[in-house]
Every structure is written in C-alpha cells, then in structure tokens.
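Participant: Predicted coordinates and the sequence they were generated for:
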Amino acid sequence: MPGETTTRTQVVVIGAGPAGLLLAHLLAADGVESVVVESRSEEYVAARIRAGILEQSTVDLLRGSGLGDRLEREGDQHHGIYLQWPQERHHVDFVSLTGRSVWVYGQTEVQKDLVAAAQARGQVVHYEVSDTALHDLESDRPSVTFTDASGAARRVEADVVVGCDGSFGPSRGAVPESLRQTWEKVYPYSWLGVLADVAPSTDELIYAWHPDGFAMHSMRSATVSRLYLQVPNDTPVDDWSDDRIWDALSTRLGHGQDGWTLTPGPITEKSVLPMRSFVQTPMRHGRLFLAGDAAHIVPPTGAKGLNLAVADVGLLSPALVALLRRGDEGPTAAYSDTALRRVWRCTHFSWWMTTMLHTSEDPFDAELQLSQLRWVTSSEAGTTGLAENYAGLPIGF
Ligand code: RFL
Ligand code: PHB
C-alpha cells in the first residue's frame, strides 16, 4: 500500500487479551521478540468483566513466569465448590480428591498484571488498530497489515503470526475453508451475569440446579460478589430489575434452606451472555498458529475459557522458541494435535457441566439431571472425575 510503514519482528501476535499478552510475555522471557496488535483500547480490554476462576496449572504457569505476586497477595485459594439442588447442598473437595485447587482471581486482574509486565519490558503493543489482515501465511515471511490509531497504514513482517484474537477476529478465517473443520453447538439458554457490591454469602462457589433454571454464586473479593442466572436466549436485560434478579437468585440458590441466607446488595454491572461450544481444527496453518478463543469457545459453566487460553499459550510459547531459536520444528508440528487433546477434554467437561445443571422444559431431562447430580455427589468416582476436570489437568495433557 502507498505510504505503508514496514517493520520486522519474530512473532506478530493478533489480540492483546490474556492469550496474546501472556504469549508475548513468555516469548520475551526466552528472548523472542514480538509485536502485538489489538483493535480495542488498553483500558477497554482491561475492564471487560469475564472469567473468575484460575485452575492449578494456570496459577503454576503465572507464578513460574513472574506474574504471580499480586495473585499471591490478592487471589483467594478455593478448595472446592458446592453442587446443589432443592433441599440438598454438597461440597466437592478438590484438594482431598486430587491434591489440586483453584483460585478466585478475576480475568480483569490477570489482564492488569499482563499489561503492567508488558509496559515494564517495553513491549510493542499497537492498540486501537483497524483493518487487521493476515498475509503469506504459507511462506516463511508472513505479515500482518493494519491501520494504526493515528490512521497510518502499517505492515509488520515476521517469522510467525499467532491469532489470539478471540471469537470475532480475522485469524481463524485466514485458514482456507477447504483445510479447516469446525464444530459448533448453540445452547437454548443464556446467562445473566451481575456484579454486586456485597460480601459473598458463601465461602466457595455454589452451582445450583433448580426447576426455574440454573443459578451460580461466585465472587471477586471479600466485598464483591459475582452471580449468574440461567435466562432465555435474547432476554432483554431491561426485563431484569435488581429486585427481580435478587428474588430469582434467592429462590434458586435456596435462601432459607438449612439456615443459609443470601445477602443482596447494589448491582454495579449486568449483562447477558449467550452460550456456545465451538472448535476449529487444525490450530495451525503454515506459519499461522491459533490460541485461545480464536480456536475454541466453551460455555462458562466449567470455568474453562480463560484456563484453556493459558494452556494453549503455555504449550505454544516453548514450541515457538524451539523453532525460532534452535530451528527445531518438532514442537510446532505437534502443537495443534497436542493442544486439541486438552481442548476436547475441556469442551466435553464444559458441555457436561452445562447440560447437567441447566433446565429445559423436558421433565425426563430433569429426572436424568437429578440422578446424575446424586451420583456425582455421592460416589467417590463421580466426585473425583468432576474434581480432576474442574481443578484442571496438567498443561500438555
Ligand atoms: P479474548 O479475551 O477475547 O481476546 C481477544 C482479543 O483480540 C482482539 N481482537 C483483535 N485485535 C486486532 N485485530 C482484530 N481484528 C481483532 N479482533 C479481535 C479483541 O479485542 C480481544 O482483546 O480471547 P483470549 O485472549 O483467547 O482469552 C479468552 C478468554 O477471554 C475467554 O475464554 C473467557 O473470558 C471466556 N469467558 C468466560 N470464561 C470463563 O472461564 N468464565 C467466565 O465467567 C467467562 N465469562 C467469557 C465470559 C467470555 C465472554 N465473551 C467472549 C463474550 C464472558 C464473556 C462476555
Ligand atoms: C466467575 O466468577 O465469573 C465464574 C466462576 C465460575 C464459572 C463461571 C464464571 O464456572
């Protein structure tokens, strides 16, 4: 393009969400240079309220790469979750069953830590870009073009391009249609998520099956609660007044059951999240690699989306280092197959948690769900299976 400025780096990362910024961080620690391009502003990306649970291997990776200080101080280690249905609440203790645990530490906090680390090392990140396009992915000199925040046309040439641009970015579509395969399942319900300025009414997360629909009590800190309700797809958020939300949460979470009470408080954020499962294979095409939501989406019931993005990058980073520093193509050749083993495991677990806990209109389904919940909470094999998947498998599984 006339007037285009061309620069060169080793890896262009598209997307400055958790997958993109963590990849740039891990590559830098091993002496590999990258440039990150992001369509939104730094503030917008950092403020998005999304995931809240980090599994053991995510925490291990963040600690091992020097990103664990604030997580250590402010993160809240949880030993398990509660699974419940009317009149019954059961604790599933991950630590006693598997020796692994999870942490409550919001994606917003992970993102802030990644941005601080990127600034400290002088990482090049182009925020607020538009027209991102990928080129020459089958050559050993691929490039990414975009218009930067000032309106200037830019091209970054690289050895490798990594698509960390989530479910709406251009990377997954850059794999030729004849070479890619996709799987998708859209669920007939959504989540209404709220953030409330009130101390959590529970010590660990509650996942509740109820004839009115699923509900969940999560948290962000000692003073902030995060709660979710199963709602119909396309429900207007304006139909859900604060009073209606707290009433539904009280009913579904069992306010008054065995002396347990749900304390309501001011709601500061409300949004509706549709739910789907999606996988695109392979996660590599020529010199393009996909990581995180760019390659796969899970419904949030298993708390896997962010953790899966971290696991992809934990695998991809050493593979790219082997390629770019030692000329060893083995690990990058294995990346897609290795990553997809965990992707499909988490896709199944997220689907299983979702379909076990969300109600449909079908009374037969409801009986099967309750039977499954009774078995999962009363059999050691059942509880251990849930615990192993929720607390997370080792990276490279
Ligand atoms: P992200 O975080 O979506 O980051 C992708 C980044 O790419 C940028 N981008 C582009 N950049 C340049 N050029 C373009 N053309 C671009 N197009 C897009 C985007 O602006 C963005 O900054 O993907 P990443 O890094 O793979 O991380 C994945 C996680 O964010 C995601 O799996 C989870 O947040 C999923 N998820 C949840 N997971 C959970 O485990 N628990 C949750 O409660 C939970 N809630 C959620 C969620 C995802 C949501 N989305 C995607 C709608 C709630 C929501 C609303
Ligand atoms: C959250 O705290 O936002 C959260 C926790 C667990 C989930 C989903 C979301 O399964």
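Facilitator: The structure has been received and is ready for your questions. Remember, predicted model here, so these are calculated numbers, not experimental data. Residues are numbered from 1 along each chain as shown. Ligands and ions are numbered 1, 2, ... in the order given.
Participant: List the contacts of L54.
Facilitator: 62, 71, 75, 102-105, 110, 306-307 (Cβ atoms under 8 Å, 6 or more residues apart in numbering). From N, CA and C alone the C-beta is placed, and that goes for glycine too.
Participant: residues from this structure in reach of ligand 1?
Facilitator: 14-20, 37-40, 45, 50-52, 107, 129, 132, 164-166, 168-170, 273, 292-293, 300, 303-306, 309 (Cβ under 6 Å from any ligand atom).
Participant: Among the contacts of L54, name the ones in strands.
Facilitator: 102-104 (DSSP state E).
Participant: can you put those residues in JSON lines and add distance to ligand 2 and pLDDT?
Facilitator: Listed next are these as JSON lines, based on distance: Cβ to the nearest ligand atom, whole Å; pLDDT from 0 to 100:
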{"residue": "V102", "distance to ligand 2": "9", "pLDDT": "97"}
{"residue": "W103", "distance to ligand 2": "11", "pLDDT": "97"}
{"residue": "V104", "distance to ligand 2": "7", "pLDDT": "96"}
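Participant: any chance of these in CSV, with neighbour count and distance to Q181 too?
Facilitator: Converted to CSV, the ones in strands among the contacts of L54 look like this (neighbours: other Cβ atoms under 10 Å; distance: Cβ to Cβ, whole Å):
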residue, neighbour count, distance to Q181
V102, 28, 32
W103, 19, 34
V104, 21, 36
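Participant: From the residues you listed, pick the one nearest L27.
Facilitator: Using Cβ to Cβ, the shortest approach to L27 within the ones in strands among the contacts of L54 belongs to W103, at 24.5 Å.
Participant: So the closest one is in contact with V59, correct?
Facilitator: Yes - under the criterion of Cβ atoms under 8 Å, W103 makes contact with V59 at 5.4 Å.
Participant: Closest to ligand 2 out of the contacts of L54?
Facilitator: V104 (6.9 Å; Cβ to the nearest ligand atom).
Participant: For that closest one, which non-adjacent residue is closest in space?
Facilitator: D76 (4.3 Å; Cβ to Cβ, 6 or more residues apart in numbering).
Participant: For whichever residue of the stretch 251-397 of the chain sits closest to ligand 2, give me the pLDDT.
Facilitator: When scored by Cβ to the nearest ligand atom, the stretch 251-397 of the chain has A303 as its residue closest to ligand 2, at 3.5 Å. A303 is assigned 96 on the pLDDT scale.
Participant: and it, how many neighbours?
Facilitator: 25 (other Cβ atoms under 10 Å).
Participant: what's the spacing between it and G31?
Facilitator: 33 Å (Cβ to Cβ, to the nearest Å).
Participant: Report the contact partners of the residue nearest to V104.
Facilitator: D76 neighbours (Cβ under 8 Å, 6+ apart): 103-105, 219, 221.
Participant: L340 now?
Facilitator: Residues in contact with L340 (Cβ under 8 Å, 6+ apart) are 279, 281-283.
Participant: Now with 10 Å, please.
Facilitator: 279-283, 295-296, 312, 347 (Cβ atoms under 10 Å, 6 or more residues apart in numbering).
Participant: Over to L320?
Facilitator: Contacts of L320 (Cβ under 10 Å, 6+ apart): 10-11, 23, 26-27, 30, 32, 34, 159-160, 162, 289, 313, 331-332, 335.
Participant: Now do the residue in the stretch 1-150 of the chain that ligand 1 sits nearest to against Q123, distance only.
Facilitator: As assessed by Cβ to the nearest ligand atom, ligand 1 sits closest to G17 within the stretch 1-150 of the chain, at 2.2 Å. Note on G17: its distance to Q123, by Cβ to Cβ, is 14 Å.
Participant: Which one's more surrounded, the two?
Facilitator: G17 (25 against 21).
Participant: Let me know whether that one touches D293 as I believe.
Facilitator: Yes - in this structure G17 lies within contact range of D293 using Cβ atoms under 10 Å: 7.6 Å.
Participant: Next, show the common contact partners of those two.
Facilitator: Joint contacts of G17 and D293 (Cβ under 10 Å, 6+ apart) are 164-166, 169, 306, 309.
Participant: In helices, which of those fall?
Facilitator: 306, 309 (DSSP state H).
Participant: Most neighbours among the shared contacts of G17 and D293, please name it.
Facilitator: Going by other Cβ under 10 Å, C164 tops the shared contacts of G17 and D293 with 31 neighbours.
Participant: Touching, that residue and V310? I think so.
Facilitator: No - C164 is not in contact with V310 according to Cβ under 10 Å; the separation is 11.2 Å.
Participant: any common contacting residues for those two?
Facilitator: Taking Cβ under 10 Å, 6+ apart as the criterion, C164 and V310 both touch 18-19, 22-23, 291-292.
Participant: Now do the contacts for A387.
Facilitator: Residues 80-81, 92-101 are the ones in contact with A387 under the rule Cβ under 10 Å, 6+ apart.
Participant: quick one: pLDDT of it?
Facilitator: Looking at A387, its pLDDT reads 97.
Participant: gap between it and ligand 1?
Facilitator: According to Cβ to the nearest ligand atom, to the nearest Å, A387 stands 17 Å off from ligand 1.
Participant: what about that residue, distance to H78?
Facilitator: 12 Å.
Participant: joint contacts of the two?
Facilitator: Common neighbours of A387 and H78, using Cβ under 10 Å, 6+ apart, are 94-95, 101.
Participant: Which one (most neighbours) among those residues?
Facilitator: Among the shared contacts of A387 and H78, F94 has the most neighbours (other Cβ under 10 Å), with 25 neighbours.
Participant: Settle this for me: it is touching A303, isn't it.
Facilitator: No - taking contacts as Cβ under 10 Å, F94 lies outside contact range of A303: 12.0 Å.
Participant: shared neighbours, those two?
Facilitator: Joint contacts of F94 and A303 (Cβ under 10 Å, 6+ apart) are 55, 81, 102, 390, 392.
Participant: Get me the contact residues on this structure for ligand 2.
Facilitator: 51-53, 205, 218, 226, 300-301, 303.
Participant: if you set the cut-off to 5 Å instead, what comes out?
Facilitator: 52-53, 218, 226, 300, 303 (Cβ under 5 Å from any ligand atom).
Participant: can you map out the helices along this structure?
Facilitator: Under DSSP H, the chain gives helices at 18-29, 42-47, 56-64, 69-74, 94-98, 107-121, 242-253, 305-326, 330-357, 363-378, 380-391.
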